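Undergrad: curious how this folds, go ahead:
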Amino acid sequence: MTILDPNKSYVYERVDNKIYAREIGSLTRILVSEYGQYWEDKNNWMELLVFARTNTVLQQELERVIVLYHLLKQQEPIAHHPV
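TA: The predicted structure follows:
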């Protein structure tokens with residue numbers, strides 16, 4: 001996903017399930033996201049989370065993914081520890 005400059009103003013446009021940002025005064029569009037893919041991904045994750053409530057193995061794996069996600073967000077080297 002493209003990171004936009006917070007110091008600039010943008011006009012947002014949706015064309016064919018894609019969302020574009022265009023800097024005011026410019027004709028060049030920047031692809032921000034594919035709207036259709038976003039909803040498909042969101043629906044898949046929601047189904048997975050609901051199913052994990054009744055499946056212990058899947059819940060344990062999701063907890064590991066969540067821990068890894070938080071570690072990666074810290075942007076510090078991860079000390080590997082085999083589980």
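
Undergrad: identify the residue spatially nearest to L49, adjacent ones excluded.
TA: L62 (7.4 Å; Cβ to Cβ, 6 or more residues apart in numbering). Every C-beta, even on glycine, is put in place using the N, C-alpha and C of the backbone.

Undergrad: quick one: the one you found from V50, how far?
TA: Counting by Cβ to Cβ, to the nearest Å, the gap from L62 to V50 is 11 Å.

Undergrad: so where's the protein shaky on pLDDT?
TA: In the predicted model, the chain carries pLDDT under 70 at residues 1-2, 36, 76-83.

Undergrad: give me the phi and psi for the residue of it most remote from its centre.
TA: When distances are taken from the C-alpha mean of the chain, G25 lies farthest, 28.8 Å away, according to Cα atoms, centre = their mean. The phi and psi torsions at G25 (degrees, to the nearest 10) take the values phi 90, psi 0.

Undergrad: residues in contact with stretch 19-33?
TA: 1-2, 4, 8-14, 18, 34-35 (Cβ atoms under 8 Å, 6 or more residues apart in numbering).

Undergrad: check stretch 37-53 too.
TA: Contacts of stretch 37-53 from elsewhere in the structure, counted by Cβ under 8 Å, 6+ apart, are N17, L58, Q59, L62.

Undergrad: what's the closest non-adjacent residue to the third one?
TA: On the basis of Cβ to Cβ, 6+ apart, the spatially nearest residue to Q59 that is not a chain neighbour turns out to be A52, at 4.6 Å.
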